[in-house]
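Asks: Sequence plus predicted model, see below.
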Amino acid sequence: MQAVILVGGQATRLRPLATNTPKAMVPVLNRPFLEYVIRNLSRHDVREIVLAQHHLAGPIEEHLGDGSRFGVSIAYVVEDSPRGTAGAFKNVEKHITDTFIGMNGDIFNDLDITAMLRFHREKNATATIALTPVEDPTAYGLIETDTTGLVKRFLEKPSPSEVTTNMINAGTYVLEPEVLGQIPSDVQVSIERETFPLLVSSGKPVYAFSSSGYWMDMGTPDKYLQLHRDLLAGRSTWYVPGTDAEVLIGEGCSIDPSAEIIGPVMIDDNCTIDPYVRIVGPVVIGTGCVIGEGSDIEDSVIWHNVRLGSRVKLESSVVADNCTLNDNSVIEGGVLGDHVTVSAGASLGPGSMIELGETVG
Ligand code: GDD
Ligand code: MG
């Protein structure tokens, strides 16, 4: 089975975390996000993966290589200009040999792809779209079906008054190669706004496969942080990082015995935790971080090589690579891009988004 993963979007809603890191490579529990997507496909016997890339293509190939580490082979195709979500599938047409999985590259889910394929074949569908329930469909693609699962309407980013169901496009499809025949070449085309509505209106058998398993689009800082909370709380059935409330510590760490660490907490290799630090999970700390004396961290994700001075307070925040948070600074509900410096005593409140390289306070 083949899968095409779309990883070429601009990821503007995930800034400042995705300013110079591709969304697909943003670390989740200290591993690049795309590794989870590939592992999940591999679990369902997908062996060939095509990555449809545009924005920030280089680091993905550098990290994943030929895919053999994950039991898959990976081909890379880079669009010379962004082709949109349908144009990106069209652009990899020469790699497609049969029915394939198509998917957004920013979704963590528990979808049973094997069962979805079976359903697609039973229905003799041209396309099958995975559905998931959400509280507010306005940020997604709303899908109306009949009682047999046949898709009647696809409405991308509905306004509140257009919401008729809480079932949305979960961003994973089973597609017949003939779908690619409906997409023009070399232009920008949206599968959500153009291709699916066209297939539905022309009476093609487009089916919906509902799943109530864990699902998250990690494309905003809030959702990214929530994904960490959920995975650490064991809400995914296939990926469980450790038992609930566990404290997982990597190699080469130096943790002062006076530090208080309450799980679920993951601390990666070569970190230094100074005296009287208090860490209350869910918290993830990347490699090579230094947490200064008396600092207090709760409900946060810290990437690699971050330095916290003394008595820093960090809560419900995300701090990207190589940041420095100086003594007595307070960050609550903040999101810091790479190489940000927070001055001593500075205070950042909810919604603070600090771009790459800035100094604040
Ligand atoms: N190669 C390529 N080229 N990839 C692209 C392009 C492009 O021009 N544009 C977007 N992508 C990729 C993104 O990188 C992402 O992995 C995926 O396509 C979806 O784009 P998003 O920008 O994340 O879309 P969304 O979250 O607003 O909405 C989509 O996902 C929802 C589920 O999370 C839609 O498919 C909705 O219908 C759906 O409900
Ligand atoms: Mg998305």
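Replies: Yes, it's here. Given the structure is predicted, the values throughout are model-derived calculations rather than measurements. Numbering: from 1, shown residues only. Ligands and ions are numbered 1, 2, ... in the order given.

Asks: what's the distance between residue 157 and residue 224?
Replies: Residue 157 sits 20 Å away from residue 224, going by Cβ to Cβ, to the nearest Å. Every C-beta, even on glycine, is put in place using the N, C-alpha and C of the backbone.

Asks: When those two are compared, which one has more neighbours?
Replies: residue 224 (24 against 13; other Cβ atoms under 10 Å).

Asks: Go ahead and confirm that one touches residue 218.
Replies: Yes. Taking contacts as Cβ atoms under 8 Å, residue 224 lies within contact range of residue 218: 4.8 Å.

Asks: For these two, list the residues in contact with both.
Replies: 14, 26, 28 (Cβ atoms under 8 Å, 6 or more residues apart in numbering).

Asks: Go through those residues and name the one nearest ligand 1.
Replies: The shortest approach to ligand 1 among the shared contacts of residue 224 and residue 218 belongs to residue 14, at 8.8 Å (Cβ to the nearest ligand atom).

Asks: related to what we said a few turns ago, of the shared contacts of residue 224 and residue 218, which is the nearest to ligand 2?
Replies: Ligand 2 has its nearest neighbour among these in residue 14, at 8.9 Å by Cβ to the ion.

Asks: Near ligand 2, which residues of the chain are found?
Replies: Residues of the chain found near ligand 2, taking Cβ under 5 Å from the ion as the criterion, are 106, 217, 219.

Asks: for the stretch 151-300 of the chain, which spans come out with low pLDDT?
Replies: Scanning the stretch 151-300 of the chain for pLDDT under 70 picks out the ranges 243-245.

Asks: all helices of it, in order?
Replies: Per DSSP state H, counting those that start in this stretch, the stretch 151-300 of the chain carries helices over the ranges 196-201, 221-232.

Asks: For residue 331, which residues count as its bridge partners?
Replies: Beta-bridge partners recorded for residue 331 (DSSP bridges): residue 314, residue 348.

Asks: what about it, neighbour count?
Replies: Residue 331 is flanked by 31 other residues according to other Cβ under 10 Å.

Asks: Please list all residues in contact with it.
Replies: Going by Cβ under 8 Å, 6+ apart, residue 331 touches 312, 313, 314, 315, 317, 319, 325, 342, 347, 348, 352.

Asks: returning to that earlier point: could you redo the helices of the stretch 151-300 of the chain as JSON lines and give each row distance to residue 335?
Replies: Shown next, in JSON lines, are the helices of the stretch 151-300 of the chain (distance: least, Cβ to Cβ, whole Å):
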{"stretch": "helix 196-201", "distance to residue 335": "33"}
{"stretch": "helix 221-232", "distance to residue 335": "4"}
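
Asks: Adding distance to ligand 1, write these out as CSV.
Replies: Below are these laid out as CSV (distance: least, Cβ to the nearest ligand atom, whole Å):
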stretch, distance to ligand 1
helix 196-201, 9
helix 221-232, 9
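
Asks: which stretch among the ones you listed comes nearest residue 257?
Replies: Closest to residue 257 of the helices of the stretch 151-300 of the chain is helix 221-232 (Cβ to Cβ; 24.0 Å).

Asks: coming back round to it: could you write me a PyMOL select line covering just the buried ones among the contacts of residue 331?
Replies: Applying 16 or more other Cβ atoms under 10 Å to the contacts of residue 331 leaves a buried subset, and the PyMOL line that selects it is:
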select buried, resi 312+313+314+315+317+319+325+342+348+352
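
Asks: now, among the contacts of residue 331, which is nearest to residue 80?
Replies: For the contacts of residue 331, the nearest to residue 80 is residue 319 (34.9 Å; Cβ to Cβ).

Asks: residues touching residue 166, list them.
Replies: Shown in contact with residue 166 (Cβ under 8 Å, 6+ apart): 133, 134, 135, 137.

Asks: Sorry, slip of the keys, the one I care about is residue 153.
Replies: Residue 153 neighbours (Cβ under 8 Å, 6+ apart): 142, 143, 144, 197, 200.

Asks: which among these end up buried?
Replies: Among the contacts of residue 153, those that count as buried by neighbour count (16+ other Cβ under 10 Å) are 142, 143, 197, 200.

Asks: Quick check: residue 56 vs residue 222, distance?
Replies: Taking Cβ to Cβ, one finds residue 56 at 22 Å from residue 222.

Asks: Could you point out which of the shared contacts of residue 224 and residue 218 is nearest to residue 129?
Replies: Distance to residue 129 across those (Cβ to Cβ) is lowest for residue 14, with 23.6 Å.

Asks: what about the closest one, how many neighbours?
Replies: Other residues close to residue 14 by other Cβ under 10 Å number 22.

Asks: surely it meets residue 219?
Replies: Yes. At 5.6 Å, residue 14 and residue 219 qualify as touching, with contact defined as Cβ under 8 Å.
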